[in-house]
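Participant: structure for this input, please:
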Amino acid sequence: MRVKLGDVCERGTSNLKLSDVSEKNGEFSVFGASGYIGSVDFYQQGYPYVAVVKDGAGIGRAMLCPGKTSVIGTMQYLLPKDNILPKYLFYVVKYMNLEKYFTGATIPHIYFKDYKNEEFNFDFWERQVEIVSVLSKCEKVIDLCKQELQLLDKLIKARFVELFGDPVSNSYGLPEATLPDLGEFGRGVSKHRPRNDIKLLGGKYPLIQTGDVANAGLYITSYSSTYSELGLKQSKMWDKGTLCITIAANIAKTAILEFDACFPDSVVGFIANERTNNIFVHYWFSFFQAILESQAPESAQKNINLKILSELKVIVPEKRKQDQFASFVKLTDKSKVAVQKALDEAQLLFDSLMQEYFG
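Facilitator: From the prediction side, this is the model:
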């Protein structure tokens, strides 16, 4: 049966501000866009409900909240009627991707009046129970896979510190050198203006952007843009195995090319010499990324220049230990690939079930 969202829930509002919650110490939780933010000695909703971010960052994101809790004013209450389970309502709202209803440029907003008429497939109570059970099990698998990936990342960092100490303070007192001393080092090339000229694109030569690096793991295994012959002529092809380092928008994110590719001057390429290896340098950067990003000047977008990168002091342990660490990373990465595959399959199943149940 097709129904509208407004048929199964009612809108509720909150006038709570962060200042109403900070430094309070009650027994009733208050939630914001990123989750729990504090506790107070009162609550606005006595029964479970769905909360939607209606203002600012994360707009349209939904969360299921327990009874005897509240949200701050940037959130919207969706209060389930008697004909729908709260968690079923949560999955419905999640399926709808409400961020598409946003208005406003500086501070985006969404309004209940704009999305309350969106339709979805609605099932009877017993079927709702079944659907919630299936989707909950899928989400549990997804969460477990994500946790396992996080643990494997922590394991690699722990092994790095065990072998080389804290790279920020150089706690083991290891020799240091700059990236230009440790290999080939230079910015990507994109001479033509405008950079997005259609004549440059659509050929057979892979083009890597900052987002491709930031969204990769250890290796860049895919690409979404390509250069034409003209695009290649005004750029430079970097070899497979090159470490890509972002210096604009996404700061000091790194990943290793799994294929020959071009990239613009918002990405720096590094190819290690005999003193180091790219896997070691990739993980060395992981300890400094947040520091470099916080120090990056911001105009239209954050950026750092080649000079800053070229003057960084990289610890240089004996090559044997670096290679030992790289072998450990490659072994662990095989486990990560298997877990990521399971995660992708679970997410695909979850998405297809959401479409089947509500679409």
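
Participant: part of a helix, is Lys341?
Facilitator: Yes. The assignment for Lys341 by DSSP: H, G, I helix; E, B strand; the rest coil puts it in a helix.

Participant: mind starting the numbering at 29 from now?
Facilitator: OK, 29 is where the count begins now, so the last one is Lys369.

Participant: so Arg99 versus Ala90, what's the distance?
Facilitator: Not quite, residue 99 is Val, not Arg. Taking Cβ to Cβ, to the nearest Å as the measure, Val99 falls 12 Å from Ala90. Backbone N, C-alpha and C define where each C-beta goes, glycine included.

Participant: tell me which of the two has more neighbours.
Facilitator: Neighbours per residue (other Cβ atoms under 10 Å) separate Val99 from Ala90, with Val99 holding more: 27 against 22.

Participant: the more buried one contacts Leu107, doesn't it?
Facilitator: No. Taking contacts as Cβ atoms under 8 Å, Val99 lies outside contact range of Leu107: 11.7 Å.

Participant: and Tyr311, that one's in a helix?
Facilitator: Yes. Checked against three-state DSSP, Tyr311 lies within a helix.

Participant: chain neighbours aside, what residue packs nearest to Pro114?
Facilitator: Leaving aside its chain neighbours, Pro114 sits nearest to Pro76 (4.0 Å; criterion: Cβ to Cβ, 6 or more residues apart in numbering).

Participant: kindly report the same for Val169.
Facilitator: That would be Ala374: by Cβ to Cβ, 6+ apart, it lies 4.5 Å from Val169.

Participant: can I assume the one you found sits in a helix?
Facilitator: Yes. Under three-state DSSP, Ala374 falls within a helix.

Participant: distance of it relative to Gln156?
Facilitator: 22 Å.

Participant: please work out the average pLDDT along the host helix or strand of Gly297.
Facilitator: Per DSSP states H and E: Gly297 is located in strand 295-300. Averaged over strand 295-300, pLDDT sits at 97.

Participant: now stretch 178-193
Facilitator: Stretch 178-193 comes out at a mean pLDDT of 97.

Participant: go through it and flag the buried ones.
Facilitator: Asp181, Ile184, Arg187, Phe188, Phe192, Gly193 (16 or more other Cβ atoms under 10 Å).

Participant: the last one contacts Tyr200, correct?
Facilitator: Right, Gly193. Yes. Taking Cβ under 8 Å as the definition, Gly193 is a contact partner of Tyr200 at 3.5 Å.

Participant: overlap in contacts of the two?
Facilitator: Residues touching both Gly193 and Tyr200 by Cβ atoms under 8 Å, 6 or more residues apart in numbering: Ile343.

Participant: re the thing from before, who are the packing partners of the strand holding Gly297?
Facilitator: helix 207-210, strand 211-215, strand 271-276, helix 306-323 (3 or more Cβ pairs under 8 Å, 6 or more residues apart in numbering; DSSP states H and E).

Participant: so what's Leu371 up against?
Facilitator: Listed by Cβ under 8 Å, 6+ apart, the contact set of Leu371 reads Ile170, Cys173, Lys174, Leu177.

Participant: switch the cut-off to 6 Å
Facilitator: Cys173 (Cβ atoms under 6 Å, 6 or more residues apart in numbering).

Participant: what's the spacing between it and Gln317?
Facilitator: Taking Cβ to Cβ, one finds Leu371 at 23 Å from Gln317.

Participant: before we move on, what about Pro345?
Facilitator: According to Cβ to Cβ, Pro345 and Gln317 sit 20 Å apart.

Participant: need the pLDDT of Phe291.
Facilitator: 97.

Participant: got a list of what it touches?
Facilitator: Gly216, Ile236.

Participant: dihedrals phi and psi, it?
Facilitator: Main-chain torsions, Phe291, degrees, to the nearest 10: phi -150, psi 150.

Participant: relative to Leu180, how far out is Leu33?
Facilitator: Taking Cβ to Cβ, one finds Leu33 at 39 Å from Leu180.

Participant: the inter-axis angle of the strand holding Gly297 versus strand 271-276?
Facilitator: Here strand 295-300 points in a direction 150 degrees away from that of strand 271-276 (axes from the mean of the first three to the mean of the last three Cα atoms, to 10 degrees).

Participant: pretty sure Leu271 contacts Ile284?
Facilitator: Yes. With contact defined as Cβ atoms under 6 Å, Leu271 reaches Ile284; the gap is 5.4 Å.

Participant: mutual contacts of those two, please.
Facilitator: Asn306.

Participant: which one of those two has more residues nearby?
Facilitator: Taking neighbours as other Cβ under 10 Å, Leu271 and Ile284 compare with Leu271 leading, 25 against 21.

Participant: pull the contacting residues for the more buried one.
Facilitator: Thr282, Ile284, Phe298, Asn306, Val309, His310.

Participant: helix/strand/coil for Ile170?
Facilitator: Quick answer, by three-state DSSP: Ile170 is helix.

Participant: err, Ser199, not the other one
Facilitator: Secondary structure, three-state DSSP: Ser199 is coil.

Participant: and it, how many neighbours?
Facilitator: 12.

Participant: list the contacts of it.
Facilitator: Per Cβ under 6 Å, 6+ apart, neighbours of Ser199: Gly193.

Participant: any figure for the gap between the residue lying closest to Thr238 once chain neighbours are set aside and Tyr139?
Facilitator: Nearest residue to Thr238, sequence neighbours excluded (Cβ to Cβ, 6+ apart): Thr274, at 4.4 Å. Noted for Thr274: a distance of 37 Å to Tyr139, by Cβ to Cβ.
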